[in-house]
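**Q** The sequence isn't on hand, but the structure is:
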Ligand code: ADP
Ligand code: ASP
Ligand code: MG
């Protein structure tokens, strides 16, 4: 004999019930079956809402009853042939009418007792089971209905009654020893007290009904049929990567369900555990899937962590005071008063000094608990021996569960560091003495991030998800997205990095998609997005609170550069090719670096100097290994290099500058390049990264631009002024030719002093042969004394800049 239980979604409507009938029909060919069913999905909630409406004199409870009636009548019409419907429709209508009478009573009295409430909610299972039993007769002729209230006997703790096992077991055994039907359909969740009042076993209690039957009859198997492929490593609705657990012990399953894995009602396990009856969790909608097998077999070689679960809407109550140390009975009084008020304690920690006790309970119980506790310790409060208890609400418990954790070191360390890295603040910690679980209390807002990041750490073979929030999709941004699109698969397979673009924004529009924006159609998505706002972008990014979030700035915008600190403070990394922040006031630069350290959020800007060339990264490694930079000589402007390399007697200065702009080698405002400001910013950043404090004003800028060009206000005027002063530029070229030199715009730092300016470079200099838009940097250090460390290569262009940004993102992924 087997007991099967089908949950609310499995019996949500006629279509689903047909799947249930098929499963039962198949199985009934091999075994006698007891089939316990839940109410149709959502009906218990509807009944509770109708009752509370009626009791508060809101007559819309009648609409709710109509809604309930409709659901059931519809199912009957699809499940049972028309000529056999009459009796069933009559049964259904009679029950609905009785339900309505009860609700009318509540409405008239303006009251709802726990006893009446149980009576009302019982209609969910009564209706569903009767309809399913009748439908079952179409498939399995030898089948019947039995009201579980006649078998399962409880006390009168309405809402969550305690089962009288001796009597219940006897009733069940007697009934089934005389019953010869192949399939017996039974309502889950409901029972009755000795004076025949209807009681219920607690929300989700149909699982328990099935377990009680299974244990009483010592069946071979208990099957819990639901809407997922078993018990998962984490709640699959919150953690997309969660996987069904194939095998798990009773104790582990109990721990997971106690800590919130709703797929199994926690009391379910106890009755079957004592009889060693295995439980299968199976999916009604995918019966061929393996599911989860719960038994006493443990596997010492598997992953020591079996699953991660959580309970939300938790409050922490802390009781503290010098009067608690060494005084016997404080805990006893605390727990006694909670128990007297039927307050369930989910979590306990006590500091080893005995100075404080901290307990976790449901938010709903917090106010009552505070009043009750303060009352019981009134005397100690007045003598200032124990402080009034402190309540913190809206928290969440997250628990790692696994029997084998006790044999593995370092799991809690990994758990805390994973949460810490993601800026999840841990409010309290408890480890069960059985070492079967480690639980932490965290802020409710962090739960999704915490579950996902822990899941990644313990179950996903080190795959790391990176979530990008990209601002600026011009030349470079577009290339960046193309590169991600192209590399996504490679990164996942080879580097175990799952790169997702969550948000995109340009100056007009922005778009967010928590599941990741399609990199094929991103332009359309962005066009259809909402109006851009930097403030909203920050707020939305923060609100999503995704793990490993990275803000990527691919603009040249001052306002955007001012937003970094908001991201860093929320543990969101910043990757930027925008030089403005790092070349602004030294204090601002330092503050961003400090925030990055404090909040454990990388702040990377490799592309600020030399586009994709690894200049800043190399510098960082030199400094980290104890080297010191004394002197830097560099050609850092790909655009100026391109301009002076192409400027000739036949190609005017104006035309070359225009072309550089078209090819994306200059800043949107070319004057920033030509005035030397861009190069000054770059050398400033290198100087600061070398450990020196310097401001922009400290850098001497020997400009080659005539004053009038410098003073223009628009790009158009600037280009006009280049034509007007063409002879000035031609003279520079002539002078260089005469000296057998080339023109290069050089940045220098030596002996604490820095300058940028155009120089005549002789043939023997390594800078002479710098082609195209290349950059070169020479670092003279303690270790590189005579021969500098040289980095040389393409220092401008959309593709190389994009790949530099990409490299920063990967650096974060590899941390
Ligand atoms: P039923 O109505 O069949 O009793 P429930 O809604 O009570 O189903 O339980 C199944 C649901 O439990 C799943 O749809 C899933 O959302 C949720 N759930 C939470 N944690 C877990 C977990 N660790 N594994 C599987 N499901 C879980
Ligand atoms: N119908 C009840 C509930 O929704 C019992 C169950 O489904 O297990 O809580
Ligand atoms: Mg359930």
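**A** Looks like it arrived, so ask away. Note that this is a predicted model, so its numbers are computed, not measured. Ligands and ions are numbered 1, 2, ... in the order given.

**Q** What segments of the stretch 351-500 of the chain are strands?
**A** Taking DSSP state E, counting those that start in this stretch as the test, the strands found in the stretch 351-500 of the chain are 356-362, 390-401, 426-431, 437-443, 464-471, 497-505.

**Q** Identify whichever of those strands lies nearest to ligand 2.
**A** Ligand 2 sits nearest to strand 356-362 of all the strands of the stretch 351-500 of the chain, at 16.3 Å, using C-beta to the nearest ligand atom. (C-beta placed from N, C-alpha, C; glycine too.)

**Q** Partner strands of that closest one and their direction?
**A** strand 307-320 (antiparallel), strand 347-350 (antiparallel) (DSSP bridges).

**Q** So what touches the last one?
**A** This points to strand 347-350. Applying C-beta atoms under 8 Å, 6 or more residues apart in numbering, the contact partners of strand 347-350 are 314, 316, 331, 356-360, 397, 428-430, 439, 441.

**Q** how does it look with 7 Å?
**A** Outside strand 347-350, the residues within contact range by C-beta atoms under 7 Å, 6 or more residues apart in numbering are 357, 358, 359, 360, 397, 428, 429, 430, 439, 441.

**Q** doesn't residue 320 make contact with the second one?
**A** By that I understand residue 358. No: counting by C-beta atoms under 7 Å, residue 358 stays clear of residue 320, with 8.7 Å between them.

**Q** Which one's more surrounded, these two?
**A** Comparing residue 358 with residue 320 by other C-beta atoms under 10 Å, the one with more neighbours is residue 358, at 22 against 16.

**Q** so who does that one touch?
**A** For residue 358, the contact set (C-beta under 7 Å, 6+ apart) comprises 316, 318, 349, 428.

**Q** Could you report the neighbour count for the residue of the stretch 551-700 of the chain found nearest ligand 1?
**A** Residue nearest to ligand 1 within the stretch 551-700 of the chain (C-beta to the nearest ligand atom): residue 571, separated by 26.3 Å. Residue 571 has 23 neighbouring residues, counting by other C-beta under 10 Å.

**Q** Quick check: nearest residue in space to the closest residue to ligand 1 within the stretch 701-815 of the chain, chain neighbours excluded?
**A** Ranked by C-beta to the nearest ligand atom, the top residue of the stretch 701-815 of the chain for proximity to ligand 1 is residue 813, at 27.6 Å. Using C-beta to C-beta, 6 or more residues apart in numbering and skipping the chain neighbours, the partner closest in space to residue 813 is residue 497 (4.2 Å).

**Q** number of nearby residues for the one you found?
**A** Neighbours of residue 497 under the rule other C-beta under 10 Å: 22.

**Q** right, and it touches residue 468 too?
**A** No: using C-beta under 7 Å, residue 497 makes no contact with residue 468, being 11.4 Å away.

**Q** picking that back up, narrow the contacts of strand 347-350 to those that are buried.
**A** Of the members of the contacts of strand 347-350, the ones counted as buried by neighbours, 16 or more other C-beta atoms under 10 Å, are 357, 358, 359, 360, 397, 428, 430, 439, 441.

**Q** and the residue lying closest to residue 477 once chain neighbours are set aside, how far is that from residue 468?
**A** Counting by C-beta to C-beta, 6+ apart, residue 477 lies nearest to residue 554, which is 4.1 Å off, once chain neighbours are set aside. According to C-beta to C-beta, to the nearest Å, residue 554 and residue 468 sit 11 Å apart.

**Q** of these two, who's got more company?
**A** residue 554 (28 against 25).

**Q** Now do the SS call for residue 744.
**A** strand (DSSP: H, G, I helix; E, B strand; the rest coil).

**Q** Strands along the stretch 551-700 of the chain, start to end?
**A** Using DSSP E, counting those that start in this stretch, the strands of the stretch 551-700 of the chain run over 573-576, 603-604, 629-635, 699-702.

**Q** quick one, which of these is packed in tightest?
**A** Using mean count of other C-beta atoms under 10 Å, the stretch among these with the greatest mean number of neighbours is strand 573-576 (a mean of 27).

**Q** Give me the sheet partners of that one and which way each runs.
**A** Here, using DSSP bridges, strand 573-576 pairs with strand 549-553 (parallel), strand 603-604 (parallel).

**Q** Just the pLDDT at residue 148, thanks.
**A** Per-residue pLDDT puts residue 148 at 98.

**Q** what's the nearest residue to it if we skip its chain neighbours?
**A** In this structure, residue 148 finds its nearest non-sequential neighbour in residue 186, 4.9 Å apart by C-beta to C-beta, 6+ apart.

**Q** if we can go back for a sec, can you tell me which of the strands of the stretch 351-500 of the chain has the worst average pLDDT?
**A** strand 426-431 (a mean of 86).

**Q** Who are the packing partners of that one?
**A** strand 347-350, helix 411-421, strand 437-443 (3 or more C-beta pairs under 7 Å, 6 or more residues apart in numbering; DSSP states H and E).

**Q** Nearest to residue 302, out of the ones you listed?
**A** Nearest of the helices and strands packed on strand 426-431 to residue 302, taken as C-beta to C-beta: helix 411-421 at 14.0 Å.

**Q** That closest one packs against which elements?
**A** strand 426-431, strand 437-443, helix 447-459.

**Q** Looking at these, which is nearest to ligand 1?
**A** helix 447-459 (10.0 Å).

**Q** Any part of stretch 195-209 near ligand 1?
**A** Yes: counting by C-beta under 6 Å from any ligand atom, ligand 1 has neighbours in stretch 195-209: residue 204.

**Q** Now do that stretch: distance from first to last residue.
**A** 20 Å (C-alpha to C-alpha, to the nearest Å).

**Q** for the record, mean pLDDT for it?
**A** Computed over stretch 195-209, the mean pLDDT rounds to 97.

**Q** distance of residue 649 from residue 726?
**A** Taking C-beta to C-beta as the measure, residue 649 falls 12 Å from residue 726.

**Q** out of those two, which sits in the more crowded spot?
**A** Taking residue 649 and residue 726 together and counting by other C-beta under 10 Å, residue 726 has the greater number of neighbours (13 against 9).

**Q** Just the pLDDT at the more buried one, thanks.
**A** For residue 726, the predicted pLDDT is 95.

**Q** go on, the one 3 residues further on?
**A** At residue 729, the predicted lDDT confidence score is 95.

**Q** helices or strands next to the helix or strand where it lies in the packing?
**A** Assigned by DSSP states H and E, residue 729 falls within helix 726-738. Applying 3+ C-beta pairs under 7 Å, 6+ apart, we find helix 726-738 packed against helix 653-662, strand 741-750.

**Q** Which residues of this structure lie near ligand 2?
**A** Within the chain, the residues that sit near ligand 2 (C-beta under 6 Å from any ligand atom) are 7-8, 38-39, 44, 124, 188-189, 203-207.

**Q** Which of those residues fall within helices?
**A** Counting by DSSP state H, these place 44, 124, 206, 207 in helices.

**Q** confidence score at the first one?
**A** In this prediction, residue 44 carries a pLDDT score of 98.

**Q** quick one, what contacts the residue of the chain at minimum distance from ligand 3?
**A** Per C-beta to the ion, residue 204 is where the chain lies closest to ligand 3, at 4.2 Å. Residue 204 sits next to 262, 265 when contact means C-beta under 7 Å, 6+ apart.

**Q** Out of the strands paired with strand 573-576, which is the most enclosed?
**A** Greatest burial across the strands paired with strand 573-576, using mean count of other C-beta under 10 Å, falls to strand 549-553, with a mean of 25.

**Q** what's that strand in contact with?
**A** Strand 549-553 is contacted by residues 466-472, 541, 560-561, 567, 572-576, 578, 805, 809, 812 when judged by C-beta under 7 Å, 6+ apart.

**Q** is it true that residue 509 touches residue 526?
**A** Yes: with contact defined as C-beta under 7 Å, residue 509 reaches residue 526; the gap is 5.4 Å.
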